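# Coordinates for the following, if possible.
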Amino acid sequence: MNDLGSSEGGGPRQASPAVLLTLVLAVALLAGAISGTAVALLHDSDSDSSTNGLAQTSPLPTPPVASSGLVEDAVAEVAVRALPSVVAIINNFEAESEFGEGSGGGAGVIIDERGYVLTVAHLVEIPGELFVLMNNGEVRPGRLVAHDAPFTDIAVVQIEGGGLTAAEVGDSALLAPGQTLVAIGSPDIDYYNTVTTGVVSAVGRRKYLRGIWNEDLIQTDTAINVGNSGGPLLNLNGEVVGINTFRDTGGGDPLFGIAFAVSSRTFVPIVQAMIATGSFPRPYLGANFRDLTAEVAAELNISQSEGALIGVVTPGSPAERAGLQEGDIITMFGQIPVNPQIGLLNALGATLPDENVSVQLLRNGEPLTLDVQLEPR
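Residues are numbered from 1 along each chain as shown. Sure thing, here's the model as predicted:
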């Protein structure tokens, strides 16, 4: 993407041959899976990998593209234009994480020729050594610029500039159901830069995932598999209109052809800020909490079925200074009601990072109002 702002600082360091060999061997051994009862993040593979994958990756040939006007030719033209901008990303975790111990892999897309790569937060938010595999087979070390978890599944990684092709970004607000889409990613990592196609199934979807309602999602039946996460979702103009993030697994019977992407309308301002300043400011409260529903209330044996139940309060945090206590139930955050349709993280995400917020809550069943001076996280 062009014109996303500027950033200062030197480029990432080069990887040694020994490190690259280790990377190849580590990738070949990837076999972990991320799954949940309802939604699976597209992260590690749930099938065995072999050394016949990334270890033998070579630059992809440019296929001949006809110009007969057929849809198949249009898709091929999109792929030819986009493939130089699509990368695979490997995160060699520094320590055991919720995703397992070892390495995790996904995809990304170059959005600035200076070396900025857009990907998903759940791939890179766990500290580790990042490597970026280019379409021509070159491996460059990566540096995490910033991520926006848990508010959105968006992150920016920087690699050394030079010889890079940036993808163009389109406006997801122009999408309509039935419109053809193209996805590129690296399912199971071995199947590097796989191209799939489908349609817009719906726009403006929302999904509760990792404690927050993800808004303005693009739903697609384009084949999205483990390892596609972070890869681009493109329109037939070859523009990135979404970043593939997760698929719905249905909880019991698997749901096929239901996957989601973060819309460009959502990620563009976040990416612009990350490139320009190194972060996207979000407010910090400093307390664990759990959004209440009727089911959660029954599980906890409490009568209140809406709001956010406060857990551990971090010493020295805005929450502690305001007087929030464990067991409080926040029902209103500023002018935003906290309920099963709007979680506390969503309310926080709609608030300025340094705003003074009036918080209405219940403490032992009695109403109480506190003023919380938030801080940027």
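
# from what I can see Ile224 touches Val182, true?
No. Counting by Cβ atoms under 8 Å, Ile224 sits too far from Val182 to count as a contact (11.6 Å). (Glycine included, C-beta is placed from N, CA and C.)

# Which neighbours do the two have in common?
Thr196 (Cβ atoms under 8 Å, 6 or more residues apart in numbering).

# Between these two, which is the more surrounded one?
Between Ile224 and Val182, Ile224 has the larger neighbour count (other Cβ atoms under 10 Å), namely 26 against 22.

# Spatially nearest residue to the more buried one, not counting backbone neighbours?
Nearest residue to Ile224, sequence neighbours excluded (Cβ to Cβ, 6 or more residues apart in numbering): Ala259, at 3.6 Å.

# So that neighbour is in contact with Thr220, correct?
Yes. With contact defined as Cβ under 8 Å, Ala259 reaches Thr220; the gap is 5.6 Å.

# how about the helices in the stretch 251-377 of the chain?
264-277, 294-300, 318-322, 344-349 (DSSP state H, counting those that start in this stretch).

# Redo those as CSV? Include mean neighbour count and mean pLDDT.
Shown next, in CSV, are the helices of the stretch 251-377 of the chain (neighbours: other Cβ atoms under 10 Å; pLDDT from 0 to 100):
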stretch, mean neighbour count, mean pLDDT
helix 264-277, 20, 96
helix 294-300, 12, 92
helix 318-322, 19, 97
helix 344-349, 22, 95
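
# Put together a markdown table for those helices, with distance to Glu94 on each row.
Listed next are the helices of the stretch 251-377 of the chain as a markdown table, based on distance: least, Cβ to Cβ, whole Å:
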| stretch | distance to Glu94 |
| --- | --- |
| helix 264-277 | 22 |
| helix 294-300 | 34 |
| helix 318-322 | 29 |
| helix 344-349 | 26 |
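
# and of those helices, who's closest to Gly106?
Gly106 sits nearest to helix 264-277 of all the helices of the stretch 251-377 of the chain, at 15.4 Å, using Cβ to Cβ.

# Tell me the helices and strands packed up against the closest one.
strand 116-119, strand 139-147, strand 155-158, strand 212-220, strand 240-248 (3 or more Cβ pairs under 8 Å, 6 or more residues apart in numbering; DSSP states H and E).

# Contacts for the fourth one next, please.
Contacts with strand 212-220, where a contact means Cβ under 8 Å, 6+ apart, come from 150-153, 172, 175, 181, 183, 198-208, 233, 241-242, 245, 258-263, 265-266, 341-343, 345-346, 349.

# and whichever helix or strand comes after it, what does it pack onto?
Using DSSP states H and E, the helix or strand that directly follows strand 212-220 along the chain is strand 232-234. Identification of packing neighbours for strand 232-234 by 3+ Cβ pairs under 8 Å, 6+ apart yields helix 71-82, strand 180-185, strand 240-248.

# Buried residues, whichever helix or strand comes after the second one. List them.
Elements were assigned by DSSP H and E; along the chain past strand 180-185, the next helix or strand is strand 194-209. Of the residues in strand 194-209, 194-198, 200-201, 203, 205, 207-209 count as buried by neighbour count, 16 or more other Cβ atoms under 10 Å.

# Tell me what angle strand 194-209 forms with strand 240-248.
70 degrees (axes from the mean of the first three to the mean of the last three Cα atoms, to 10 degrees).

# Can you give the strand pairings for strand 194-209, parallel or anti for each?
strand 180-185 (antiparallel), strand 212-220 (antiparallel) (DSSP bridges).
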